[in-house]
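S.K.: Sequence first, then the predicted structure, then my questions.
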Amino acid sequence: MRKLIVISLFLLLAWDGTTQQTGRYLFKEYRDAIEKQTRSNDGSPGVNYWQNAANYTIRAEFFPDENMIRGHAGIEYLNNSPDTLSVLVFNIYQDIFRKGNSRDWDIGDVDLHQGTQIEKLIINNFQVDTDNRRSLRRSGTKLIVPAEILPHSENRVELEWSVQIPATRTVRMGRYSDSIAFLAYWYPQIAVYDDLDGWDMISYGGSVEFYNEFGDYDVQLTLPGNYVVWATGVLDNPEEVFKPLILDRYQRAWQSDEKISIISREDYIIDNVTIDREKLTWHFKADQVPDFSFGAALGFNWDAVSVVVDAETGRRTLTDAVYPDGAINYDQVTEYARKSILYMSEVMPGLPFPYPQMTNFCNGRRSGGMETPMMANNSAPEEEPGIFGLTFHEIAHSYFPFMMGTNEKKYAWMDEGWASLWPHVLVDSLFPGYNYVERSVQTYINHAGSEMDIPPMVPNHLLGADYGALRISSYVRPAMAFHFLENALGTALFLKALHVFMREWEGKHPMPLDFFNTFERVTNARLDWFILPWFYESAYPDLAIHKYTRDRKLVISNVGGLPLPIELLITFTDDSTIEMQYPTSIWQSGERQVVIDVPGSLTVKEIRLGSKRVPDVGSRNNILHIID
Ligand SMILES: [Zn+2]
């Protein structure tokens with residue numbers, strides 16, 4: 001006989017509406033923000049919350065033969081803060097390749113250059129002397145320009161620049177082959193100025209990622225006429241770049257529930273793709289996005305499908321896969337993307353996909369991928385679950401960090417945790433036996449409890465180049481934390497809190513405390529017992545059987561301190577068994593031990609604690625044989 005008992009527990013300790021009393025570390029910047037009422041104790045944006053914005057109109061030309069891009073940008077910069085700014089700070093990310101600049105690793109010298117060349121810069125009609133080092137200071141990948149930017153002001157910035165694109169040591173972008181280029185972080189971008197840190201001055205060394213302001217982009221890209229271009233935003237002039245048959249397929253794809261092959265090999269053979277001109281200009285528009293990237297390629301296949309992402313309004317998203325001949329499994333990627341977008345829109349997080357379009361661009365590499373708004377710059381992993389997981393993961397970033405504007409430089413867990421966790425249900429249903437959660441658990445316990453297992457709340461940029469440490473604290477540990485938080489709260493309450501958080505902070509800059517406080521408010525429960533060990537402390541997963549007493553009391557110790565579900569398999573002397581499952585909330589008292597009553601009257605022979613779905617670094621203490 002085998003019996004399964006699943007115990008549900010309610011959260012007992014009610015939230016008292018404050019963060020101060022929770023014992024959670026409230027750092028000074030956040031205390032000040034609460035005082036100024038830009039943030040609030042209940043996790044919602046404060047009544048005085050403000051956010052700056054930058055809208056870009058860019059005309060640029062990419063010269064593939066020289067790996068060079070040259071452009072002109074008109075930027076409308078809205079200083080919505082109550083502060084007078086004495087400088088304007090730009091991100092010039094390609095300065096990671098500037099000779100003499102610091103980087104997180106040695107990238108050789110083949111792609112090094114003199115940095116982003118600023119050929120003209122005008123701020124509010126004042127022409128900056130671009131030859132003067134004092135009026136154009138470079139620090140890491142930051143360009144700092146003295147200026148007077150008044151509170152609540154609209155400012156006009158105009159600049160011309162050119163920069164070299166890496167062709168050998170690509171870092172999240174670059175020239176992947178003679179026929180493939182993906183350009184991200186390619187234009188001077190006004191850095192974030194926020195209510196917590198002021199200007200974001202964290203330089204880009206190649207490891208930790210980004211933090212961007214939202215804005216509207218109107219971008220015209222000129223390339224040699226045989227290239228096809230995909231970008232953030234919707235193509236505004238398809239009739240000016242495509243021949244009629246391609247244009248017809250492209251337009252049909254926006255409404256098609258079935259995959260449409262817009263361009264395939266045959267179309268190139270019969271010269272059916274782009275209009276015959278030496279150069280073509282591609283015009284893209286995107287509203288309220290935190291960045292702009294584009295991919296350009298010769299001879300790429302292009303499949304697309306459309307999916308209804310909002311049942312109420314009927315709104316659709318076009319998702320496509322663009323790839324070279326021979327890219328393994330890529331003929332499946334539109335279907336993978338369609339399934340992923342539908343799942344995220346309807347199930348988890350269960351909010352309509354934010355963008356009208358989502359392109360999966362294959363750069364031909366064997367592993368890795370990088371997200372930018374509406375564009376994923378992906379490799380082609382050989383195994384099917386791998387390419388499915390990658391496709392899902394990079395699309396998941398549309399919610400975090402892009403829809404939600406989180407700061408990846410400090411708190412990558414706020415986006416990588418979700419993107420690492422969310423694929424699990426679909427991967428396991430499409431590829432039975434892959435066991436996504438079990439693999440994540442295994443990855444985690446390989447490092448959990450080691451010195452490298454750094455609490456996620458340690459700002460990432462302090463970990464610097466150590467991506468190994470980042471992988472644990474930014475990806476797998478927070479993925480586990482979100483998974484077991486859902487387990488503690490139950491899916492309905494978990495989703496309710498997540499939806500309130502996402503709706504209140506959409507298009508803003510939420511920080512960890514906003515997330516934690518919102519969850520406490522919406523669940524009306526104290527969650528310190530969970531949040532502190534998972535996010536702030538050097539806790540690790542290790543549950544243990546402490547003892548079993550004659551009066552059928554089983555005492556479980558939490559040796560490592562991380563709240564986790566308790567799963568038990570109890571075998572009796574007649575070889576019958578029961579399984580007992582307690583949710584993570586069994587630890588809500590904050591005590592390090594819990595006592596469980598073993599039901600029935602049969603004599604217990606053996607007790608096993610844990611399963612492959614619950615991380616545990618000390619499994620020696622998980623089996624108890626009872627000898628009479
Ligand atoms: Zn990611």
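M.R.: Cool, got the structure. Numbers count the residues shown, from 1 in each chain.
S.K.: shouldn't Phe284 be in contact with Pro238?
M.R.: No - at 10.7 Å, Phe284 does not count as touching Pro238 under the criterion of Cβ atoms under 8 Å. Backbone N, C-alpha and C define where each C-beta goes, glycine included.
S.K.: Which one's more surrounded, those two?
M.R.: More crowded of Phe284 and Pro238, by other Cβ atoms under 10 Å: Phe284, with 23 against 14.
S.K.: Now do the contacts for the closest residue to that one other than its chain neighbours.
M.R.: Across the structure, with Cβ to Cβ, 6 or more residues apart in numbering as the measure, the residue nearest Phe284 apart from its sequence neighbours is Gly233 (3.9 Å). Neighbouring residues of Gly233 by Cβ atoms under 8 Å, 6 or more residues apart in numbering: 217, 219, 284-286, 289, 292, 357, 374.
S.K.: if I look at Gly233, how far off is Val163?
M.R.: Gly233 sits at a distance of 21 Å from Val163 (criterion: Cβ to Cβ, to the nearest Å).
S.K.: So what's the residue count around Ser86?
M.R.: The local packing of Ser86 (other Cβ under 10 Å) involves 9 other residues.
S.K.: next one: Glu383
M.R.: Around Glu383 there are 12 residues (other Cβ under 10 Å).
S.K.: what does His546 give?
M.R.: Residues near His546, counting by other Cβ under 10 Å, number 17.
S.K.: Check what contacts the helix or strand containing it and list those residues.
M.R.: Take DSSP states H and E as the rule and His546 turns out to sit in strand 543-548. Residues lying outside strand 543-548 but in contact with it, judged by Cβ under 8 Å, 6+ apart, are 554-560, 564, 566, 593, 598, 604, 607, 609-610, 614, 616, 618, 621-624, 626.
S.K.: Which ones among the residues you listed map onto strands?
M.R.: 554-558, 566, 593, 604, 607, 609, 623-624 (DSSP state E).
S.K.: What is the burial count for Lys553?
M.R.: Considering only other Cβ under 10 Å, Lys553 is surrounded by 12 other residues.
S.K.: How about it: what's its closest non-neighbour residue?
M.R.: Leaving aside its sequence neighbours, Lys553 sits nearest to Val595 (Cβ to Cβ, 6+ apart; 5.3 Å).
S.K.: Touching, that neighbour and Asp551? I think so.
M.R.: No - applying Cβ under 8 Å as the test, Val595 and Asp551 come out as separate, 10.4 Å apart.
S.K.: and these two? which has more neighbours close in?
M.R.: Neighbours were tallied for Val595 and for Asp551 using other Cβ under 10 Å; the higher tally belongs to Val595 (12 against 7).
S.K.: Quick check: buried residues in the helix or strand in which that one is found?
M.R.: Per DSSP H and E, Val595 falls inside strand 593-597. Within strand 593-597, the residues that qualify as buried are 594, 596, counting by 16 or more other Cβ atoms under 10 Å.
S.K.: which residues touch the nearest residue to Val229 once chain neighbours are set aside?
M.R.: Excluding its sequence neighbours, the residue lying closest to Val229 (Cβ to Cβ, 6+ apart) is Trp282, at 4.4 Å. By Cβ under 8 Å, 6+ apart, the residues touching Trp282 are 220-223, 229, 231, 235, 237, 241, 294.
S.K.: Please indicate which of those residues are buried?
M.R.: Those of those that meet the buried threshold are 220-223, 229, 231, 235, 241, 294, by 16+ other Cβ under 10 Å.
S.K.: Export these as CSV, with columns for secondary structure.
M.R.: As requested, the buried ones among the contacts of Trp282 are arranged in CSV below (DSSP: H, G, I helix; E, B strand; the rest coil):
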residue, secondary structure
Gln220, strand
Leu221, strand
Thr222, strand
Leu223, strand
Val229, strand
Ala231, strand
Leu235, strand
Val241, coil
Phe294, strand
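S.K.: quick one: average pLDDT of the helix or strand where Val305 lies?
M.R.: Under DSSP H and E, the secondary-structure element containing Val305 is strand 301-310. Computed over strand 301-310, the mean pLDDT rounds to 98.
S.K.: okay, now Pro352: neighbour count?
M.R.: Residues contacting Pro352 under the criterion other Cβ under 10 Å number 17.
S.K.: do the same with Asp287
M.R.: Residues near Asp287, counting by other Cβ under 10 Å, number 14.
S.K.: Surely it is in contact with Asp216?
M.R.: Yes - if you go by Cβ under 8 Å, Asp287 and Asp216 touch, sitting 5.0 Å apart.
S.K.: mind checking how far the strand holding His546 is from the chain centre?
M.R.: With Cα atoms, centre = their mean, to the nearest Å as the basis, the distance from the averaged C-alpha position of strand 543-548 to the chain average is 38 Å.
S.K.: how close does Ile190 sit to Gln288?
M.R.: In this view, Ile190 and Gln288 are 15 Å apart by Cβ to Cβ.
S.K.: Who has more neighbours out of these two?
M.R.: Ile190 (23 against 17).
S.K.: which phi and psi does that one have?
M.R.: When read as degrees, to the nearest 10, the backbone of Ile190 gives phi -70, psi 130.
S.K.: Run through the bridge partners of it.
M.R.: In this entry, Ile190 is beta-bridged to Phe90, by DSSP bridges.
S.K.: likewise Asp320?
M.R.: Beta-bridge partners, per DSSP bridges, of Asp320: Ala304, Thr359.
S.K.: For it, grab the count of nearby residues.
M.R.: The burial count assigned to Asp320 is 24, neighbours taken as other Cβ under 10 Å.
S.K.: the helices in the chain, which residues?
M.R.: Chain-ordered helices for the chain, with DSSP state H as the definition, fall at 28-35, 244-253, 265-269, 333-346, 384-396, 413-421, 424-430, 436-445, 467-470, 477-489, 491-505, 512-523, 528-531.
S.K.: Would you mind confirming that Thr573 is in contact with Glu606?
M.R.: No - with contacts defined as Cβ under 8 Å, Thr573 does not count as touching Glu606, sitting 9.5 Å away.
S.K.: With neighbour numbers in mind, choose between those two.
M.R.: Glu606 (15 against 12).
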